[in-house]
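**Q** Below are the sequence and a predicted model for it; my questions follow.
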Amino acid sequence: MSFETDTLMDVSSWPLVKSAYITLIDLRFDDELSETWYNSIFCGLFSHDLISDGCMFIHTTRPSLRRARAAQTRTYKPQGHLSEMLASIFADYRFSEDYADLAGDLRRLEAQLRENLPDWVCKDPELSVELFSSVLYRNKGAYLVGRIYTQDEQWPLVIPLLHREGRGIQIDALITDEADVSIIFSFTRSYFMVDVPVPAEFIGFLKRILPGKHIAELYTSIGFYKHGKSEFYRALINHLANTDDQFIMAPGVRGMVMSVFTLPGFNTVFKIIKDRFSPSKNVDRATVIEKYRLVKSVDRVGRMADTQEFADFRFPLSKFEPACLEELLDVAASTVSVEGDTVLIRHCWTERRMTPLNLYLENANEAQVREALEDYGLAIKQLAAANIFPGDMLLKNFGVTRHGRVVFYDYDEICFLTEANFRHIPQPRTPEDEMASEPWYSIGPLDVFPEEFPPFLFADSGQRRLFDQLHGELYNADYWKSLQEAIRAGKIIDVFPYRRKGLDNE
């Protein structure tokens, strides 16, 4: 079937285009990704007003269950000999560089395996290890991903490998805890690079070992973030169609740049740019968009939430709690409008919902406060190690995940650490300077005075003192300058997404 250009630009022809396209992608191993590619083409040609399931793939046409079309895993059975099984695994997974100390690494891995699993499991004659054939890569690490299972139980399995320049490959850890593996695939991490012959089957494999992850997040984690958006949108419209959930304003302090709303039963927040910013914010709409897009291109080191950008969301008017819609129309009328019984959101970002750190601390016990503040400071330091300065480090701009990790999520003031100008507050020249309500010294747009952080970050004096004990160096301009010097000198500070038992954190 051939179409002239004029016919292709006639939206009424596209149900035929879609039908013909379906017959082509039925033969592909990445057919679900092909639907998303088609949707991108359609949206590029036509207004979002013309989106319909007849013309594009709002709902997938792919079968939910497929027959296996390619062998993607390798299975190993120790039969009581763990050391021999581990040796077989690493005989299969070879690289252009040699392992630095394979014998020593295998002894350490066997000890970790016996430590991580119940003793009876290691002796079970039915014990098996299944690993995905392709290696996953991210930053300086490579990862073998799979599962350990018996007839009755299973555990996820991730084995990270590191390449030390001039020292070969080191097998760095063996991880079987589901929470730890979930963090490795977290929405706060950069995407993996991996060769996936049949994406749907690999995602199904990951879903079995990480049942708490939505498939949208899993697709995104291995680099198919556009298809992740497709799966997210399908989950969203399905949730709206099958629940009485209504959009409400997200809990927490109202933002000065963004207005944030959420669905109580859907673990996501929706962020839109306000029409007017607080006078204290020296940014405009274009700058905010630039900052949010910057986050997609940097190493998030497990401390910045991933975002997805959407245009022209349409939701039923009945799905908005009236006070929520009233507020959105008041603060962002250029982005939010009502068209009959539909609410149009012209532009927004979606982000995983977390408990704002300030709210978390209000309800935390003494041990939880200490742990959260320890991780808050560590988050700031790890972002700095990745050459990211959060800018506005208020507690309300950080969230606590279900795993208890502190994550930054407000990006309108971020910049590269090396762009900021960290300064000590100059000594007052006269008593009048010291008593003045305004600074007696000039302040540039990129100037940062860490000595001002304590009262700025903590209204609670107890939290302020505790944070000073835990991370007091963050109040010293020299600390930040030393990080800048290290980054400019090319020193890369490793931030690992897993605990490294018995190893240095070089």
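**A** Thanks, I have it. Treat the numbers as computed from the prediction; the structure is a model and nothing was measured.
**Q** so which helix or strand takes in L86?
**A** helix 82-92 (DSSP states H and E).
**Q** cool, and L373?
**A** Going by DSSP H and E, L373 is in helix 366-385.
**Q** immediately after that helix, which helix or strand?
**A** Following helix 366-385 toward the C-terminus (DSSP H and E): strand 388-389.
**Q** helices or strands up against the helix holding L373?
**A** Secondary-structure packing of helix 366-385 (3 or more C-beta pairs under 8 Å, 6 or more residues apart in numbering; DSSP states H and E): helix 357-362, strand 398-400, strand 406-408, helix 461-471, helix 477-488. C-beta coordinates here come from the backbone N, C-alpha and C atoms, glycine included.
**Q** Just list what the fourth one packs against, helices and strands only.
**A** What it means is helix 461-471. helix 366-385, helix 453-457.
**Q** Going by mean pLDDT, which of those comes out lowest?
**A** Here the lowest mean pLDDT among these goes to helix 453-457, at a mean of 92.
**Q** how about M249, what does it touch?
**A** Applying C-beta atoms under 8 Å, 6 or more residues apart in numbering to M249 gives the contacts S259, V260, F261, T262, A323, C324, E327.
**Q** Which phi and psi values does the last one adopt?
**A** Pointing back at E327 there. Backbone torsions of E327, given as degrees, to the nearest 10, read phi -70, psi -40.
**Q** now swap in the first one and tell me
**A** Torsion angles at S259 (phi, psi; degrees, to the nearest 10) stand at phi -110, psi 130.
**Q** and what of the fifth one?
**A** Backbone torsions for A323, taken as degrees, to the nearest 10, come to phi -60, psi -30.
**Q** and what of L117?
**A** phi -110, psi 150.
**Q** residues contacting it?
**A** I148, W155, T176.
**Q** And V495, by the same measure?
**A** V301, G302, Q382, A385, A386.
**Q** go on, G141?
**A** P160, L161, L162, D172, F496.
**Q** The first one falls within a helix, correct?
**A** No. According to DSSP: H, G, I helix; E, B strand; the rest coil, P160 belongs to no helix; its state is strand.
**Q** Could you dump the contacts of V495 into a markdown table and include distance to I89 and neighbour count?
**A** Formatted as a markdown table, these follow (distance: C-beta to C-beta, whole Å; neighbours: other C-beta atoms under 10 Å):
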| residue | distance to I89 | neighbour count |
| --- | --- | --- |
| V301 | 29 | 22 |
| G302 | 27 | 23 |
| Q382 | 31 | 20 |
| A385 | 32 | 20 |
| A386 | 32 | 21 |
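**Q** and which of those residues is nearest to P455?
**A** Q382 (24.3 Å; C-beta to C-beta).
**Q** Which members of the contacts of L117 are positioned in strands?
**A** I148, W155 (DSSP state E).
**Q** Among the contacts of G141, name the least confidently predicted one.
**A** For the contacts of G141, the pLDDT minimum is F496, 83.
**Q** any idea which helix or strand carries it?
**A** Using DSSP H and E, no helix or strand contains F496.
**Q** Please report the distance of the spatially most central residue of the chain from F232.
**A** Nearest residue to the geometric centre of the chain (C-alpha atoms, centre = their mean): F187, 2.2 Å. Separation of F187 from F232 (C-beta to C-beta, to the nearest Å) stands at 11 Å.
**Q** before we move on, back to that, tell me the most buried of the helices and strands packed on helix 461-471?
**A** Counting by mean count of other C-beta atoms under 10 Å, helix 366-385 has the highest mean neighbour count of the helices and strands packed on helix 461-471, with a mean of 18.
**Q** Now find how far off-centre it is within its chain.
**A** Put simply, helix 366-385 sits 18 Å off its chain's centre (C-alpha atoms, centre = their mean, to the nearest Å).
**Q** Can you pull the poorly scored residue ranges out of the stretch 301-450 of the chain?
**A** 432-434 (pLDDT under 70).
**Q** try 90
**A** Filtered on pLDDT under 90, the stretch 301-450 of the chain yields the residue ranges 301, 392, 402-403, 425-446.
**Q** May I see the buried residues of stretch 96-105?
**A** Within stretch 96-105, the residues scored as buried using 16 or more other C-beta atoms under 10 Å are Y99, A100, L102, D105.
**Q** need the contact list for the second one.
**A** Contacts for A100 were tallied using C-beta under 8 Å, 6+ apart; they are R164, R167, G168, I169, Q170.
**Q** per-residue confidence at the third one?
**A** G168 is assigned a pLDDT of 90 by the prediction.
**Q** Check the gap between it and L162 for me.
**A** Applying C-beta to C-beta to G168 and L162 gives a distance of 10 Å.
**Q** Among the two, which residue is more densely surrounded?
**A** L162 (21 against 15; other C-beta atoms under 10 Å).
**Q** where along the stretch 51-200 of the chain do the strands fall?
**A** Along the stretch 51-200 of the chain, counting by DSSP state E, counting those that start in this stretch, strands occupy 73-76, 128-132, 136-138, 141-149, 154-164, 168-171.
**Q** I appreciate the help and will end here.
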